[in-house]
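> Below are the sequence and a predicted model; questions follow.
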Amino acid sequence: MIQKATPTMSNKRGLSRRAEWAGGEPIANVLMTRTLAQPELISLAAGFVDQQTLPVEPTRRALDAVWSDAGRARAALQYGTTIGYPPLREAVLERMLRADGKTADSLNASADRVVVTAGSNQLLFLLGDVLFDPGDMVICGAPSYFVYLGSLGNIGARTVGVEIDEHGLVPDAIEQTLARLQSAGELARVKAIYVTTYYDNPSGVSVSAERRAALVEIARRWSHEGKIYVIEDTAYRELRYYGDDIASLRSFDPEGETVIHTGTFSKSYSPGIRVGWGLLPPALITPVLAEKGNIDFGSPNLNQTLMAAVLEMGLFDEHVERLRDGYRAKLDATLAAADEFFAPIDGVTWVRPTGGLYVWLRLPDAIDTGIDGPLFDRAAKEGMLYVPGEYCYPTEGTPPRKNMIRLSYGIQSCESIHRGIEALARAIRQVL
């Protein structure tokens, strides 16, 4: 349920209700404090990209291309439009259509419906501001992306968790949740279903093609008391190391009125450039741009021009291929170490993803992996950090599991991953 901010709570500190709802980020604070105090720790917690893979040379070449044209350079240094740099919006849409094997007409899509933001998190927050009043609900997986869960809490929205399995969100679980809310007279408060369709953070699973079509159909069918959107987060689509690509959830919405398709270059190119985007249903374009204009008057124009040049020059695809090779080796190292050190421990299981940056680990029910539980400190003493899985669960619906761990292999070398997982296995054995 949402936190009730009384006048006394807000007025005493001179803060708004949203400031009270936002609270803090306890796990982020704890991990940062531990990292600073013990820099020798192997962090399999932070979901950062590999520092060594950041595209220094490709970015220099793209910037040189922009700077070699004085007119283009001056335009890049000037204000842009709130909706975003036109060549970038066109390139983003063209890439999505090509990946999905679709045409713009078949999906009722155009560059006029593509909004560029400072990373996909900004777009997710803007959508929250536009769609949700305090007490409105978002259905999402249990577990889900914990930063977005916190963002929803910041605006007073309620997050309702439903079951996931190796194929992603379980359609029957969503149906049961919607039926329960309808019986309770709360269906009209459900505004969206949120899902990371590729290599989910934290679970590592992707939504199967069959379930993608089902999710769109469920949202349409249950919109009889109010519109229910499906927010598709595709942050990790390019980080595919094995298997074939799957058409996006948006490709199963030919009218373009149900799925909000969001993406970012932060994981696949550079988080420092901070460029994300969304292909929005027509009804959301005007309200999102009005909200965005009030906040930033347009995302950084130089960054958008630079990213457009990266795409235009073919530098992005070259970088992604190198990135996949590096991360594939790290994923292999993570799973090999898990086989070596976790497999002999009864009750320890893990997801084997084919892409992304995360491995989701389940320990015996008796082990509390939280920051106040016995394992967290023991693992730090053994030399590693992890994210306790309980932070990745919505506030309602499927209850949080206290015995889960998110491991992220993005920033560590294969050797460090091996040592970190060995250290965690030692800690688990000691706690058991």
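Perfect, thanks for sending it.
> Is D346 in contact with P364, as I believe?
Yes - in this structure, D346 is within contact of P364 by C-beta atoms under 8 Å, at 7.2 Å. Using the backbone N, CA and C atoms, a C-beta is placed for each residue, glycine as well.
> When the two are compared, which one has more neighbours?
P364 (14 against 7; other C-beta atoms under 10 Å).
> Now do the same contact list for the more buried one.
346-348, 403, 432 (C-beta atoms under 8 Å, 6 or more residues apart in numbering).
> For it, identify the helix or strand it belongs to.
For P364, there is no enclosing helix or strand under DSSP states H and E.
> Count the residues that sit near G101.
Neighbours around G101, by other C-beta under 10 Å: 10.
> For L41, which non-adjacent residue is spatially closest?
Among residues not flanking L41 along the chain, L385 sits closest, at 5.4 Å (C-beta to C-beta, 6 or more residues apart in numbering).
> Quick check: that neighbour vs A338, distance?
Per C-beta to C-beta, to the nearest Å, L385 is found 17 Å from A338.
> cool, and D129?
Separation of D129 from A338 (C-beta to C-beta): 40 Å.
> who has more neighbours, those two?
Taking neighbours as other C-beta under 10 Å, D129 and A338 compare with A338 leading, 21 against 17.
> How far off centre is the helix or strand where that one lies?
Applying DSSP H and E as the criterion places A338 in helix 315-341. Taking C-alpha atoms, centre = their mean, to the nearest Å, one finds helix 315-341 lying 19 Å from the centre of the chain it belongs to.
> circling back: if any of the contacts of P364 are buried, put those into a ChimeraX selection.
Only the buried entries of those go into this ChimeraX selection, using 16 or more other C-beta atoms under 10 Å:
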select :348,403
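> Just to be sure, G161 is in a helix?
No - read with DSSP: H, G, I helix; E, B strand; the rest coil, G161 is strand and lies in no helix.
> That one and R401 touch, don't they?
No - in this structure, G161 is not within contact of R401 by C-beta under 8 Å, at 10.5 Å.
> what touches both of those two?
Joint contacts of G161 and R401 (C-beta under 8 Å, 6+ apart) are Y393.
> Give me the more crowded residue out of those two.
G161 (23 against 16).
> what pairs with that one across the strands?
Under DSSP bridges, the beta-bridge partners of G161 are C140, G397.
> Could you measure from it over to E318?
In terms of C-beta to C-beta, G161 sits 39 Å off from E318.
> next one: R113
Look at R113 and E318: by C-beta to C-beta, they are 29 Å apart.
> Likewise for S203?
Distance, S203 to E318, using C-beta to C-beta: 30 Å.
> I155 and D129 touch, don't they?
Yes - I155 is within contact range of D129, at 6.4 Å (criterion: C-beta under 8 Å).
> what ranges of this structure fall below the confidence cut-off?
In the predicted model of the chain, residues 1-13, 22-29, 32, 35-36 satisfy pLDDT under 70.
> same thing but 80
1-13, 17-39 (pLDDT under 80).
> Spell out which residues make up each domain of it.
What automatic domain parsing lists as the domains of the chain is 7-54+318-431, 57-315.
> deepest of those, which one?
domain 57-315 (a mean of 19; mean count of other C-beta atoms under 10 Å).
> Can you name the next helix or strand after the helix holding A338?
Heading C-terminal from helix 315-341, the first helix or strand you meet, by DSSP H and E, is strand 349-350.
> Counting by contacts, list what that following strand packs against.
In this structure, strand 349-350 makes packing contacts with strand 358-362, judged by 3 or more C-beta pairs under 8 Å, 6 or more residues apart in numbering; DSSP states H and E.
> partners of the strand it packs on, with directions?
According to DSSP bridges, strand 358-362 forms sheet pairs with strand 349-350 (antiparallel), strand 404-408 (antiparallel).
> For F48, which residues are in contact?
Counting by C-beta under 8 Å, 6+ apart, F48 touches 271, 408, 410-411.
> Am I right that it sits in a strand?
No - under three-state DSSP, F48 falls outside any strand and is assigned coil.
> all helices in the stretch 1-150 of the chain, in order from the N-terminus.
7-13, 17-22, 26-37, 56-67, 70-76, 86-100, 120-131, 146-154 (DSSP state H, counting those that start in this stretch).
> what's the angle from the last one to helix 120-131?
So that's helix 146-154. 30 degrees (axes from the mean of the first three to the mean of the last three C-alpha atoms, to 10 degrees).
> Quick check: end-to-end length of stretch 375-394?
23 Å (C-alpha to C-alpha, to the nearest Å).
> Tell me how far S208 lies from T177.
19 Å.
> ugh, typo on my part, it should be P281
According to C-beta to C-beta, P281 stands 23 Å off from T177.
> can you check Q51 too?
To T177, Q51 is 41 Å away according to C-beta to C-beta.
> Farthest pair within the contacts of F48?
P271 and S408 (13.8 Å; C-beta to C-beta).
> what about the residue of the chain positioned farthest from its centre, distance to D64?
Residue farthest from the centre of the chain, counting by C-alpha atoms, centre = their mean, is A70 at 37.1 Å. Look at A70 and D64: by C-beta to C-beta, they are 13 Å apart.
> Hmm, I428 is touching D346, no?
No - counting by C-beta under 8 Å, D346 is not a contact partner of I428; they are 10.5 Å apart.
> Do I have it right that L289 meets I83?
Yes - between L289 and I83 there is a contact at 5.9 Å, judged by C-beta under 8 Å.
> re earlier: write down the beta-bridge partners of the residue nearest to L41, one by one.
S43.
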